[in-house]
Each structure stands twice: as C-alpha cells, then as structure tokens.
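Peer 1: Turn this into a model:
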Amino acid sequence: MRRNFTDLEQRLIVLLKKNSRITITEISRELSVSRITAKKALDSLTKNGRIKHFTVTLEDEDREMVLVRTDNASIIPSEYVIERFRLIDGSFISVLFYEDLLSIKDAHIKGVDIAVSREQNENVFRMEGIHCDYCGNEIKGKPIIVDIGGKTYYACCPNCERDLKKRRELMPNVEG
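Peer 2: Below you'll find the model as predicted:
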C-alpha cells in the first residue's frame with residue numbers, strides 16, 4: 001500500500017512513535033532540519049489528518065486485557081473498548097480491560113482470550129522512498145535502524161550500517 005509520505009515525514013513519524021511528546025527543537029535536531037521545517041512537517045501531518053492522534057499509554061494499561069470476539073461491534077459499549085478490529089469474515093475482536101469483561105452481559109461473545117502483557121514496537125512503520133544515510137540510495141524493503149548518539153539513522157544494508165557507525169565514531173561532532 002503506497003502511503004506517499006516524504007522522507008522527512010517518515011522519519012518524523014518514527015520519532016513520534018518513539019515519543020509523541022518530543023519537542024520541535026528535539027525533532028529539528030534529530031532530523032537535522034531547521035525548527036521551521038520540522039514544525040511545517042508536523043503541522044502538515046496533523047492538519048491533513050495523516051496523524052490521527054497522539055497517545056499516552058499508562059504502565060498498567062499494558063496488562064490484564066482481554067480479546068473478545070463477537071459478530072456485532074455494537075454489542076460491546078464503546079466506553080469499554082480500547083481497540084477494535086473488524087476481521088475479514090465480518091466478525092470483530094475488541095480489546096478490553098479484564099475488569100470490564102463482567103460489565104458486558106448478554107453480549108453473545110464467541111470467544112475470549114486473556115492477555116497477560118502487551119508489547120508495542122515503535123519502530124514498525126511502512127516506509128517507502130526513504131534513503132540510506134550512508135550511501136544515499138533508496139532503501140528497498142525494511143531499513144536497518146541505527147541509533148548513534150541519540151539520533152536515528154537508516155542504512156540499506158549491513159555494510160552501510162557498519163560504515164555509518166565507523167564514520168560517526170571517527171567524526172563524533174558531525175551532525176546528520
């Protein structure tokens with residue numbers, strides 16, 4: 001699926017997935033662009049609806065959840081639903097907190113699975129048209145993400161990853 005994000009927008013989204021409260025100054029530093037450019041990119045993504053919302057996840061929200069399968073989404077009141085997925089067969093899987101399961105009586109539940117933990121990977125994002133920070137070639141497939149000195153860089157292959165790390169070690173004061 002083509003998403004039509006610019007290279008800058010894709011890199012900004014990766015940063016926001018790691019920390020949605022990152023400041024414009026930190027974004028500009030991380031992406032090696034001016035504050036104005038960083039602000040314009042963020043404003044563009046939010047104004048045109050490409051970013052739907054920013055979220056905060058509390059520590060206890062990653063535990064004691066249930067996945068409930070039903071044929072009708074409206075059976076489970078929306079105030080209990082953390083996430084809902086419509087499946088290809090027309091049924092739904094809703095994610096709820098365990099304690100809310102008792103509140104949905106007569107819901108014609110087809111199945112329940114109890115989750116003991118939840119993990120989210122902030123580095124998962126469909127990227128297209130992003131370029132290697134070492135050789136400059138467009139990265140085909142999944143980029144190798146390299147964190148050097150608190151900045152995120154992208155490499156197209158293990159060789160570029162190794163050389164990127166070497167270059168940064170030799171010239172630690174070089175930005176971008």
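Peer 1: domains in the chain, as residue ranges please.
Peer 2: Using automatic domain parsing, the domains assigned to the chain come out as 1-56, 59-115, 131-176.
Peer 1: mean pLDDT lowest for which of those?
Peer 2: The minimum mean pLDDT among the domains of the chain belongs to domain 131-176 (a mean of 78).
Peer 1: got a markdown table for the domains of the chain, with mean neighbour count too?
Peer 2: Heads up, the C-betas are built off the backbone N, CA and C, glycines and all. Converted to a markdown table, those look like this (neighbours: other C-beta atoms under 10 Å):
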| stretch | mean neighbour count |
| --- | --- |
| domain 1-56 | 14 |
| domain 59-115 | 13 |
| domain 131-176 | 14 |
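Peer 1: Quick one: the strands in this structure, in order.
Peer 2: Secondary structure of the chain (DSSP state E): strands located at 65-70, 83-86, 92-97, 111-115, 144-148, 151-155.
Peer 1: strands paired with the fourth one, and their directions?
Peer 2: Yep, that's strand 111-115 we're talking about. In the sheet containing strand 111-115, its partner strands are strand 65-70 (antiparallel), by DSSP bridges.
Peer 1: got a list of contacts for the strand it pairs with?
Peer 2: 76, 82, 91-98, 101, 104, 107-115, 118 (C-beta atoms under 8 Å, 6 or more residues apart in numbering).
Peer 1: What of stretch 138-146?
Peer 2: Contacts of stretch 138-146 (C-beta under 8 Å, 6+ apart): 14, 123, 127, 129-133, 152-158, 160-161, 164-165.
Peer 1: repeat that with 6 Å
Peer 2: Residues outside stretch 138-146 that contact it (C-beta atoms under 6 Å, 6 or more residues apart in numbering) are 123, 130-132, 153-156, 161, 164.
Peer 1: Between the two ends of that stretch, what distance do you get?
Peer 2: Stretch 138-146 has an end-to-end distance of 16 Å (criterion: C-alpha to C-alpha, to the nearest Å).
Peer 1: out of the strands of the chain, nearest to Thr6?
Peer 2: strand 151-155 (14.0 Å; C-beta to C-beta).
Peer 1: list the helices and strands the closest one packs on?
Peer 2: Under the contact definition 3 or more C-beta pairs under 6 Å, 6 or more residues apart in numbering; DSSP states H and E, strand 151-155 sits against strand 144-148, helix 158-170.
Peer 1: all helices for the protein, in order.
Peer 2: Ranges of helices within the chain are 7-18, 24-31, 35-47, 158-170, based on DSSP state H.
Peer 1: what is the orientation angle of the shortest one with helix 7-18?
Peer 2: Okay, so that is helix 24-31. Angle of helix 24-31 versus helix 7-18, following axes from the mean of the first three to the mean of the last three C-alpha atoms, to 10 degrees, is 120 degrees.
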